[in-house]
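Peer 1: need a structure here:
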Amino acid sequence: MNKKKIAILGSTGSIGTQTLQVIAEHPDLFEARVLTAGRNAELLVRQARQFRPDAVVIADESQYGTVTEALADTDVKVYAGQAALCQVVDLPSVDVVVSSLVGFAGLEPTLQAIKAHKTIALANKETLVVAGELVMRLSHECRSPILPVDSEHSAIFQCLAGEELNAIDKILLTASGGPFRKMQAAELAAVTPAQALAHPTWDMGAKVTIDSATLMNKGFEMIEARWLFGVSPDRIQVVVHPQSIIHSAVQFEDGSVKAQLGVPDMRLPIQYALSYPVRHPLSGPRMDLFEIATLHFERPDAERFPCLALAYEAARRGGNAPCIMNAANEVANLAFRQGRIGYTDIHRIILRAMDGIPYDGAPSLDVYRQTDAEARRLALSLVDGANT
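Peer 2: Next comes the predicted model:
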């Protein structure tokens, strides 16, 4: 079997580094041909020296010289800048593009990869949150399959295998509940970034970890599931499941429920996306039902986690509403991590941005760009206002 040639957008992040672990475990199946990073030049260079890709991209152009000099004794081509991210996914040496950039920045490189007829292993939530209708239409037109990498969407995808003739009644989207699952609403105003970054189950990047604490991450995943599986938001139910053993489930019209279970290990959905439809061995711990003993489930509390309700509202509005929500969340999330606003300010800023930016029911890519910029400007002004 020919090796699959992989491009990783965001190779120095959590998903990117674990994707490289999968590639290293199966050098007979996969090879890394393109690696990209935002600012982490040091790690990008180490990865390039280990995996010897055809090309690397450092989005921060100020570090181009550093990366070029460090790789001068290799055959690795070095590029820099955001535009280069869209160019490298077009290389004929690439079969699969792992889209794991964080935020709106992942949208255009993913669209370009789809236009280049690549298989997309999608870990960038914002691509479908911001422009799901556009992305899925283009994927269909270009016959470019999108395979989910998120553990929840991979679980749903696996549950639907062999069920092509059977309609989905409901998707059960599981959530760990984050570090504040048991905290009272009145206590949340005082939580710190350090507390929010201490996720009880998953090892993720800082931005995603904060989104998990607010449950905005689950709102994003609900919108993703809407587009990936063609299910309306009102048929996607979020279920808090702190053990993170059931990664998600599907209920069919006859009442039967199929769930996908496993230990919390992101390498599992990453490898499944890369190797689909074949499963290959993977090192690591195995699930022991006797050790787990019991599984716990509860409903999410909309009062304590209003960001989830905002995501459902954005999904119902459609158009550019999810784009507004995403842009405001990126600004508020970073401002909270920087200590510029409080935890409960995050949802207030998103709500005011959703109410303050003009609605467009049928946005083009240019409208998405404009909406994103306007929402960021408004959210930044609201962050500044919270500090005065």
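
Peer 1: surely P285 is within a helix?
Peer 2: No - the assignment for P285, made by DSSP: H, G, I helix; E, B strand; the rest coil, is coil rather than a helix.

Peer 1: ok, now which ones touch it?
Peer 2: V263, D265 (CB atoms under 8 Å, 6 or more residues apart in numbering). Using the backbone N, CA and C atoms, a C-beta is placed for each residue, glycine as well.

Peer 1: next: the one 10 residues further on.
Peer 2: The neighbours of L295, taking CB under 8 Å, 6+ apart as the test, are H241, Q243, I245, I246.

Peer 1: out of those, which is most surrounded?
Peer 2: Within the contacts of L295, most neighbours by other CB atoms under 10 Å means H241, with 22 neighbours.

Peer 1: look up how far L160 lies from it.
Peer 2: Distance, H241 to L160, using CB to CB, to the nearest Å: 19 Å.

Peer 1: likewise for F229?
Peer 2: Distance from F229 to L160, by CB to CB: 7 Å.

Peer 1: where do the contact lists of these two overlap?
Peer 2: Jointly contacting F229 and L160 under the rule CB under 8 Å, 6+ apart are I168.

Peer 1: just say helix, strand or coil for the residue located most distally from the centre of the chain.
Peer 2: In the chain, D73 marks the outermost C-alpha relative to the chain mean, sitting 34.7 Å out by CA atoms, centre = their mean. With three-state DSSP as the basis, D73 sits in coil.

Peer 1: begin at 59 from here
Peer 2: Okay, using 59 as the starting number, the last item reads as D131.

Peer 1: list phi and psi for the residue nearest to P203 when sequence neighbours are not counted.
Peer 2: Closest residue to P203 apart from its sequence neighbours, by CB to CB, 6 or more residues apart in numbering: T177 at 5.3 Å. Taking degrees, to the nearest 10, you get phi -80, psi 130 for the backbone angles of T177.

Peer 1: mind listing residues that contact the helix ranked longest in the chain?
Peer 2: In the chain, assigned by DSSP state H, the helix with the most residues is helix 423-444. Residues from elsewhere that reach helix 423-444, judged by CB under 8 Å, 6+ apart: 162, 165, 169, 188-189, 192, 378, 381-382, 384-386, 388-390, 393, 398-400, 403, 406-408, 410-411, 414-415, 418, 421.

Peer 1: hmm, try it at 7 Å
Peer 2: Outside helix 423-444, the residues that touch it by CB atoms under 7 Å, 6 or more residues apart in numbering are 162, 188-189, 192, 378, 381-382, 385-386, 389-390, 393, 398-399, 403, 407, 410-411, 414-415, 418, 421.

Peer 1: among the residues you listed, name the buried ones.
Peer 2: 162, 188-189, 192, 378, 381-382, 385-386, 389-390, 393, 399, 403, 407, 410-411, 415, 418, 421 (16 or more other CB atoms under 10 Å).

Peer 1: and L392, that one's in a helix?
Peer 2: Yes - using three-state DSSP, the assignment for L392 is a helix.

Peer 1: could you count how many residues lie near it?
Peer 2: Per other CB under 10 Å, the neighbour tally for L392 reads 18.

Peer 1: that one and I399: what is the separation?
Peer 2: For L392, the distance to I399 - CB to CB - is 10 Å.

Peer 1: equivalent analysis for A444, please.
Peer 2: 5 Å.

Peer 1: N60 too?
Peer 2: 50 Å.

Peer 1: what's the answer for P339, then?
Peer 2: Distance of P339 to I399, given as CB to CB: 46 Å.

Peer 1: quick check: which ranges of the stretch 259-408 of the chain have low pLDDT?
Peer 2: 259-262 (pLDDT under 70).

Peer 1: buried residues, the longest helix of the chain. List them.
Peer 2: For helix 423-444, the neighbour count (16+ other CB under 10 Å) marks Y426, Q428, T429, D430, E432, A433, R434, L436, A437, L438, L440, V441 as buried.

Peer 1: adding pLDDT and distance to S270, write the residues you listed out as JSON lines.
Peer 2: What follows is the buried residues of helix 423-444, written out as JSON lines (pLDDT from 0 to 100; distance: CB to CB, whole Å):
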{"residue": "Y426", "pLDDT": "96", "distance to S270": "25"}
{"residue": "Q428", "pLDDT": "97", "distance to S270": "29"}
{"residue": "T429", "pLDDT": "97", "distance to S270": "25"}
{"residue": "D430", "pLDDT": "96", "distance to S270": "22"}
{"residue": "E432", "pLDDT": "98", "distance to S270": "27"}
{"residue": "A433", "pLDDT": "98", "distance to S270": "22"}
{"residue": "R434", "pLDDT": "97", "distance to S270": "22"}
{"residue": "L436", "pLDDT": "98", "distance to S270": "25"}
{"residue": "A437", "pLDDT": "98", "distance to S270": "20"}
{"residue": "L438", "pLDDT": "97", "distance to S270": "23"}
{"residue": "L440", "pLDDT": "97", "distance to S270": "23"}
{"residue": "V441", "pLDDT": "96", "distance to S270": "21"}
